[in-house]
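K.L.:
how does the following fold in three dimensions:
(chains A, B and C)
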Amino acid sequence: MSVLPTQAVVVESPRRRFLRRFAGPWANRLALAVLAVWLIAAVGAPWLAPFDPLAQDIEARRLAPFTDGHLLGTDALGRDTLSRLLYGARVAGLAAITSVGVGLLGGVIPALLAGLLRGWWDAVFSRIADALLSFPPLLLALAIVGVMGPNLTNAMLAIGVVFVPRFYRVVRAATLAVREETFIEASRSIGTPTHWVLRRHVLPNVLSPLAVQISLALGFAILAESSLSFLGLGVQPPDPSWGSMLSEGRAAWFYTPWPVIVPTVAVVLTVLACNVLGDGLSDSVGREKGRA
Amino acid sequence: MTTPLLSVQDLTVEFAVRGAWQPVVTGVSFDVQPGQVVALVGESGSGKSVSCFALLRLHGESGRTSSGRVLLDGRDLLTLSEREMADVRGNEIAMIFQEPMTSLNPAFTVGAQIAEVVRRHRGVSRADARKRAVEVLDLVGIPRAASRVGDYPHQFSGGMRQRVMIAMALSTDPRMLIADEPTTALDVTIQAQILDLVKDLARDFGMGVLLVTHDLGVVADACDQVVVMYAGQVVERAECFDLFARPRHPYTAGLMRSLPRVDGVGGIEIIPGTPPMPDQFPVGCRFSPRCAHSVAACDDAPIPLTQRETGGTVRCLRAGELDLRRARAGEEAPA
Amino acid sequence: MNAGVVASRTLSMLGRRLLALVPLLVIVSLATFSLIFLIPGDPAHRIAGEGATEAQVDAVRSDLGLDQPYYEQFLSFLGNLLQGDLGTSYTFRTPVWEMISARMPITVSLTLVAMVFALLIGIPAGVFAARRAGRWQDRVVTVGSTLGLATPNFVLGLLLTLVIGVKLQWLPATGYVEMAEGFWPWLSHLLLPGFALGVIAAAEIARQLRASLADVLRQDYVRTAVAKGMLPNAVVWKHGLKNALMPVVTVVGIQTGYLLGGTAVVETIFGIQGLGDFAVRAVLAGDLPAIQGMVVFAVIITVAASLVVDLTYGYLNPRGESQ
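P.N.:
Sure thing, here's the model as predicted:
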């Protein structure tokens, strides 16, 4: 009778397992790369842009790419598309980060309280969140911008408000799930103050689903900001934004498609990267979903 | 001898394991006569479920039958087109499964699910199909069948659901029923009822039944013929009473010894070890590593099937010399 | 389970949901009303216009009841709402409700065309991918739908109108024609915007359906259906789909609600004077009642859509449990 060979037991920390699962699919790595490029463009725009994004050049209107040093061509007013693209990346980044920040500010703490303490907190906050969720997202943003006045800051605030109930939902659900764990019960039974329990026990478990939501929200924020700017309700001309570039690009369409194509590709790629990132995070953190 | 209803000849089924096709079931042969209940017995992993799924070609992409024949009234099912096969399933051969809880579609009423089969294979009107549904529900002992026909599966208990499955299988008057561990998920008392039902139906309708089970108690109760499988092979095949009276394969004997006896004589013995995985099948006898009667010759080459003295077949080199009856205390000294 | 039981169960669910709506609607109207606080500076001044005299501004203020205490304003706002009065637009000088109902058929037409595209593309794509789960066809559909979801609907609309409408001139680039003036003119003007909106909804539908159906096809009862001799199409479309549709219904409900609220940018691009266009104009003009009216209307649509979704759940899931 043979004796079963002993197997080496490998213990992997959750962090390592997550990194391994996340870094595996090439799509995730590509998404991270795109987002890195975006980040570099956004942060480094003032140094990377070959031209002043606002400088008009009557002589150089509607140029095709790779003409006269304009790598991506120019628009109807002779402004360099690449420079405007880079500054547009900056605007998009600002909008995304600020609106997500607003959403987190308004959504996370109420959610933690509602999830952990239930009762009055939950009843009130959840009702408000439900009400906010029943507003169609873009319309809500439009309405807020409409009354506050069209500029980038108000647009970002408005989009942030859209995120508040969504982040609230996710964090509350995660908190509810965690609080069922016995170690929370144990901790509270010995009198640990609420804020300590929140910080040390609840928050780490809430971070993963929240991270997924944040990536998806970043994508949506870019979409929303470009929609608002397209309508003239976000970034005001002549400041560049991918949305306003699209709206202005229409004018040059008959002569050259590039002022439309360039921002289109930028928006789609960046939002795609955010979505893929969100999916990748969700797959790497959650239990293995059945993939046939 | 009458022509068998179903004749399985030398069936070999392969599964895709880590990119390569591995034979999981090798050279399985047995017959089922009309009105006869044949038991296919073995522990988990013996290949019994794989075999009966292969009869109806239910493996889809994950498995394939690489050789052998499955003759239904002389017609080889393995050579049929997919459409022809779909015409056989649920019609000439019906199958019921182990888990009645999940085997019925929760979104449709039981009446609708039964009527659907009838309409598929008989092309009758909705009204007639529904009538038939009520009829078979009544046949299997569902009380107030006429009103229950509009109920959903979740409104039935486990035992009742299995009856519904049987009713559904019967609704087209199949020549043969394959029952894959139909009572494993049910209470012991319900088990007896279901088995009696199957037995009666086989007798009353002349239906052949292939009953797959790991429970010898079920076998003794309900079956005419027994086919014992181990590690993908048939190791013994005999008439039921004869098998229990004198098993000729050490594995069969081992299975029987692991059942408690009514008269309490002798203890319960387990068979030490576990069955081999498909990619680790031994060259010689697959049971040899766990067999108390194993000799050197057992491991040399694949063991062929030989005739049993009292009818049937057995796959053991030492079948003629061993006396494996349980009444005897102690074992034969190795030759 | 007979029809009577199902009906009474549905009614009680409806009743409960409607009751739960009351606090929601109160909060919503409060929030909508509060928009007025976000207006920088004095709203009466903004409305009266740049060169208005002090007297004119005061007149505007008392006219619109802006000089009353806030809670009184809110109560009259709420009171009006309950009577179906959404206020009068500053810019158009017509009751908001009138404007909304005049533009509703336009947006409804667009929504209809869009959802038809969405279902015609999304459902077969989802089924196709689920049946070939894991293989390259599945990959293609998944990638396609991910791409679709990353594309802003207005970008797609813009490209379509510029390429097919302006450059190739295969379909009208802008405008809306009433159905009374002919079916094809009506339809041809809606094809491009409808497709732009519908394709993106289709992406979401295909994604959800693929996941849900792939899961369902692995279930035991699907194996039973095959063992019964049911043909592959019947197994997938009848047995599989009925169990897989619930998440899809949710998506369809949300999408429809969203579209009915008016898709601002797409309507603007295509020059369609629907509810979205109305919202944009209201916002550009700072027309508070119009904005408030649109918001309230959109909320009601969203809530109604989710009620319809819940009712459909009852049909798809007779167990009455939550999936």
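K.L.:
for chain C, name the helix or strand with the lowest mean pLDDT.
P.N.:
Lowest by mean pLDDT, DSSP states H and E among the helices and strands of chain C is helix C:43-48, with a mean of 68.
K.L.:
just checking, residue A:201 touches residue A:178?
P.N.:
Yes: with contact defined as Cβ atoms under 8 Å, residue A:201 reaches residue A:178; the gap is 7.0 Å. C-beta here means a position set from N, CA and C on the backbone, and glycine is covered the same way.
K.L.:
just give me how far the following helix or strand past the least confident helix or strand of chain C sits from the chain centre.
P.N.:
Next along the chain after helix C:43-48, taking DSSP states H and E as the criterion, comes helix C:54-63. A distance of 38 Å separates the C-alpha centroid of helix C:54-63 from that of its chain, computed with Cα atoms, centre = their mean, to the nearest Å.
K.L.:
who in chain B is up against chain C?
P.N.:
Contacts of chain B with chain C, taken as Cβ under 8 Å from any Cβ of the partner chain, map to B:56, B:58, B:83, B:86-91, B:94-95, B:97, B:99, B:102-108, B:116-117, B:120-121, B:150-152, B:154-155, B:165, B:168.
K.L.:
neighbours of the residue of the stretch 101-250 of chain A found nearest chain C, just the number please.
P.N.:
Taking Cβ to the nearest Cβ as the measure, the stretch 101-250 of chain A has residue A:146 as its residue closest to chain C, at 3.3 Å. For residue A:146, the neighbour count with other Cβ atoms under 10 Å in any protein chain shown is 30.
K.L.:
now residue C:40
P.N.:
A count of nearby residues for residue C:40, using other Cβ under 10 Å, gives 10.
K.L.:
you'd agree it is up against residue A:145?
P.N.:
No: between residue C:40 and residue A:145 there is no contact under Cβ under 8 Å: 12.0 Å.
K.L.:
show me the contacts for residue C:163.
P.N.:
Residues counted as contacts of residue C:163 (Cβ atoms under 8 Å, 6 or more residues apart in numbering or on different chains): none.
K.L.:
quick check: phi and psi on it?
P.N.:
Dihedral pair for residue C:163: phi -80, psi -60, per degrees, to the nearest 10.
K.L.:
which SSE is immediately downstream of the helix or strand of chain B with the lowest mean pLDDT?
P.N.:
Of all helical and strand segments in chain B, the minimum by mean pLDDT, DSSP H and E falls on helix B:216-222, at a mean of 82. Helices and strands here follow DSSP H and E; after helix B:216-222, the next one along the chain is strand B:225-230.
K.L.:
quick one: pLDDT of residue A:8?
P.N.:
Residue A:8 is assigned a predicted lDDT (pLDDT) of 51.
K.L.:
actually, residue A:104.
P.N.:
Looking at residue A:104, its pLDDT reads 93.
K.L.:
check residue C:322 too.
P.N.:
pLDDT for residue C:322: 38.
K.L.:
ok, which stretches of chain C are helices?
P.N.:
In chain C, the helices defined using DSSP state H lie at C:3-34, C:43-48, C:54-63, C:70-82, C:96-131, C:136-150, C:153-160, C:183-217, C:220-227, C:232-233, C:241-260, C:264-269, C:275-285, C:288-316.
K.L.:
show the contacting residues for the residue nearest to residue A:206 when sequence neighbours are not counted.
P.N.:
Excluding the flanking residues, the one nearest residue A:206 by Cβ to Cβ, 6 or more residues apart in numbering or on different chains is residue A:174, at 4.2 Å. Contacts for residue A:174 (Cβ under 8 Å, 6+ apart) come out as A:115, A:205, A:206, A:208, A:209, A:210.
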